[in-house]
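>>> Give me coordinates for this.
(2 chains)
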Amino acid sequence: MTISGRPAAAPQAGNSGEIVVQGVGKDYGAGAFSKCVMRNCSFTIESGKLTVMIGPSGCGKSTLIRLLAGFERPTVGEIRIDGEIVTAPGKDRLVVFQESALFPWMTSMDNILYGPRARGEMGPNTREHAGFLLKKVGLEAFRDKYPSQLSGGMQRRAELARAMINNPKVMILDEPFRGLDAMSKELMWEYYAALFEESHRTNFFITTDIDEAIYLADRLIVMTNIPMRVRTVIDLELPRPRRLADIFDNEHANDVKMTVLSLLHEEAMKSFSGGSKAASDFVEAYARRTGKGATA
Amino acid sequence: MQAAVFSRASLQLPMPSQATRRAVVSILLFIVFWEAGSRSKEWLGTALPWIGMVPAPSAVLQVWGGLLTDPGYWQSWYLSLMRVLMGFTAAMLVGIPLGLLMAVSRVFNDMWFPSFEVLRPIPPLAWVPASIIFWPTQELSIGFVTFLGAFFAVVINVVGGAKSIDTRFFHAARAMGASQWDIFRRVVLPATLPSIVVGSSVGMGITWNVVVAAEMISGGGSSGSGGGLGFFIWNSYVGGSYEQIVVGMISIGIAGYACSEALRRLGGLATPWLRKR
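From the prediction side, this is the model:
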């Protein structure tokens, strides 16, 4: 499939990119030192939907990303994309990582053109299309700048554009807005939601931020603590295009938020007894938020 | 280790005029103190044990002025510079591919690293006698020792740089469908470039150290003049011209500085993403 002949804004048809995760488990190490990170994990990422996964930090979400991307293979179970088992990285699914993986030695433009160049798919319109994508993420003035000259939020947007030019069936995002300040984060949510609403590409978004999860999700998958399993799946019935103000007033959104928070609280408590620092931080934050005591 | 000396700031190109002014003041002050020191055999009633023996800058300049029209002096410059450039270029040509190979291939690394680590601590000057015996011409033996000086610095820096590339860059490239060759060419190579620049700067410095000493030990050229700057100094010492010794030393300093500066500029041009921030 080539990008060159495609009209600039063409979104992938909404009927592909379905991911089925079936009975997946992942162990690291062997013998007495083996650690089970994921156990009997099953869920479906529907095509054309924005599925958000939320779970306590350190619960194994990043492991799942590596499995979905094909960098690692599951110990048991299988992952299928449109019916085909994932065995290796492929450009049908692109991962946007937590830390910026933009190449520091390339300008924004060259970073975005990396995929087409690497696959030898540079057509007469590819450059133009890259320029269009840069414009779309608001970086047209920064096409000849290096990543070190961009702010954190700009780097994330450049990375989104770099993924989009490959026109993947699925975009996988691993806490992409972590570490941004609150203001840029909200701006990035709006940017990202608009990009999604325009294309209705299959998106899988991993986060630990409940507000982010509810603002973005069509479907919310709540995970248990390590070893990771699916705890609950919630479908959100919120209108699109979404606006931040609507979410704060929406009763359904607030209900979901309270449900998810109490689930996450339970999960965090489990590992709190296991002595996890991250979990104890979460329990404290949760207690402050809900006014409940942290002792249970 | 050596790399730490070359901070990112020192690789930046445009020298602010303020820094230039300070440099000029610093050099002028140095010359004034030197002149005063070597003219006064006594300082505040105390005899200075050695500074009075050093020729004053004025005397040195006078001798230097005479040498400027002496083709033998320029011949020394030319010979040393050629040896440095040859040794250095050879070190880059062999060292960069070797370092990259050691970084990307486990098998290659396992095979080469032990012998490399045994050879590395041997000072280049310890190679001089063996080098004179093994190489057919004197020029080649000096060139070889010069090469060794830069070679290890280049390899160590290239290996270190290439091995410390973040795996997320490889993940990203693979996910976008890049081939191994493409990853090498457009990820490994540019990511290692800053280390190559640092390694070559360090190597260039060592090269000048080595070439001068090698010229002194090996006796330099065929006869009296034309044996390179190291031999020029040695010859001046034997001939008893202290001014010429100092001229030779300063010439080496200037030549070394010019080479390092040229490298810094080239390095800056090759790594624009480090410069513009």
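>>> Next, count neighbours for A:Gly120.
By the measure other C-beta atoms under 10 Å in any protein chain shown, the count of residues near A:Gly120 is 9. No exception for glycine: its C-beta is placed from N, CA and C like everyone else's.
>>> Give me every residue in the stretch 51-200 of chain A lying close to chain B.
The stretch 51-200 of chain A comes close to chain B at residues A:69, A:71, A:89-91, A:93-95, A:97, A:99, A:101, A:103-106, A:114-115, A:117-119, A:145-149, A:162, A:166, as judged by C-beta under 8 Å from any C-beta of the partner chain.
>>> Mark which of those residues are part of helices, please.
A:Ala69, A:Tyr114, A:Gly115, A:Arg117, A:Ala118, A:Arg162 (DSSP state H).
>>> Taking these, tell me the two that lie furthest apart.
Spatially, the most separated pair among those is A:Ala69 and A:Arg117, at 20.5 Å (C-beta to C-beta).
>>> which residue ranges form the strands in the chain?
Reading this off chain A. For chain A, the strands defined by DSSP state E occupy A:19-28, A:35-45, A:50-54, A:76-81, A:84-85, A:93-96, A:170-174, A:202-207, A:219-223, A:230-235.
>>> Hmm, no, I was thinking of chain B.
Ranges of strands in chain B, per DSSP E, are B:42-43, B:46-47.
>>> what is the mean pLDDT for the first one?
Per-residue pLDDT over strand B:42-43 has a mean of 62.
>>> Any stretches of the stretch 51-200 of chain B with poor pLDDT?
B:51-52 (pLDDT under 70).
>>> what do you get if the cut-off is 50, keeping everything else the same?
By pLDDT under 50, the stretch 51-200 of chain B contains no weakly predicted segment.
>>> That one: helices as residue ranges?
B:57-67, B:71-104, B:106-119, B:128-134, B:138-163, B:167-175, B:180-183, B:189-218 (DSSP state H, counting those that start in this stretch).
>>> report the angle between the axes of the last one and helix B:138-163?
With axes from the mean of the first three to the mean of the last three C-alpha atoms, to 10 degrees defining the directions, helix B:189-218 sits at 150 degrees from helix B:138-163.
>>> Report the buried residues of helix B:189-218.
The neighbour-count check on helix B:189-218 (16 or more other C-beta atoms under 10 Å in any protein chain shown) flags B:190-208, B:210-218 as buried.
>>> From those residues, list the ones also adjacent to chain A.
Counting by C-beta under 8 Å from any C-beta, B:Pro190, B:Ala191, B:Leu193 from the buried residues of helix B:189-218 sit close to chain A.
>>> can you tell me which of those lies nearest to chain A?
B:Pro190 (3.9 Å; C-beta to the nearest C-beta).
>>> and the closest one, what does it touch?
Shown in contact with B:Pro190 (C-beta atoms under 8 Å, 6 or more residues apart in numbering or on different chains): A:Phe103, A:Trp105, A:Met106.
>>> Can you tell me which of those residues has the most neighbours?
Ranked by neighbour count (other C-beta under 10 Å), the contacts of B:Pro190 have A:Trp105 at the top, with 23 neighbours.
>>> Check the gap between that one and B:Trp181 for me.
Distance check for A:Trp105 against B:Trp181: by C-beta to C-beta, to the nearest Å, it reads 17 Å.
>>> More neighbours: which of A:Ala69 and A:Arg117?
The residue with more neighbours, out of A:Ala69 and A:Arg117, is A:Ala69; 22 against 16, by other C-beta under 10 Å.
>>> Just give the nearest non-adjacent residue to that one, would you?
Closest residue in space to A:Ala69, ignoring its immediate chain neighbours: A:Val95 at 4.7 Å, by C-beta to C-beta, 6 or more residues apart in numbering or on different chains.
>>> what number of residues lie near the one you found?
27.
>>> For it, give me its contacts.
A:Ile65, A:Leu68, A:Ala69, A:Ala163, A:Ile172, A:Leu173, A:Asp174, B:His171, B:Ala172, B:Ala175.
>>> Nearest residue to the closest residue to chain B within the stretch 151-296 of chain A in space, please, no chain neighbours.
Closest to chain B within the stretch 151-296 of chain A is A:Asn166: 6.0 Å, counting by C-beta to the nearest C-beta. Nearest non-adjacent residue to A:Asn166, counting by C-beta to C-beta, 6+ apart: A:Gly115, 4.3 Å away.
>>> Report pLDDT for the one you found.
For A:Gly115, pLDDT reads 90.
>>> Number of residues surrounding it?
Based on other C-beta under 10 Å, the number of other residues close to A:Gly115 is 27.
>>> before we move on, the earlier item: and the strands of chain A: which comes nearest B:Leu67?
Using C-beta to C-beta, those put strand A:93-96 closest to B:Leu67, at 64.8 Å.
>>> how close does the residue nearest to the spatial centre of chain B get to chain A?
In chain B, the centroid-proximal residue (C-alpha atoms, centre = their mean) is B:Gly205; its distance is 2.0 Å. Distance, B:Gly205 to chain A, by C-beta to the nearest C-beta, to the nearest Å: 25 Å.
>>> And for B:Gly253?
B:Gly253 is 34 Å from chain A, where distance means C-beta to the nearest C-beta.
>>> residues contacting that residue?
Taking C-beta under 8 Å, 6+ apart, we find B:Gly253 in contact with no residue.
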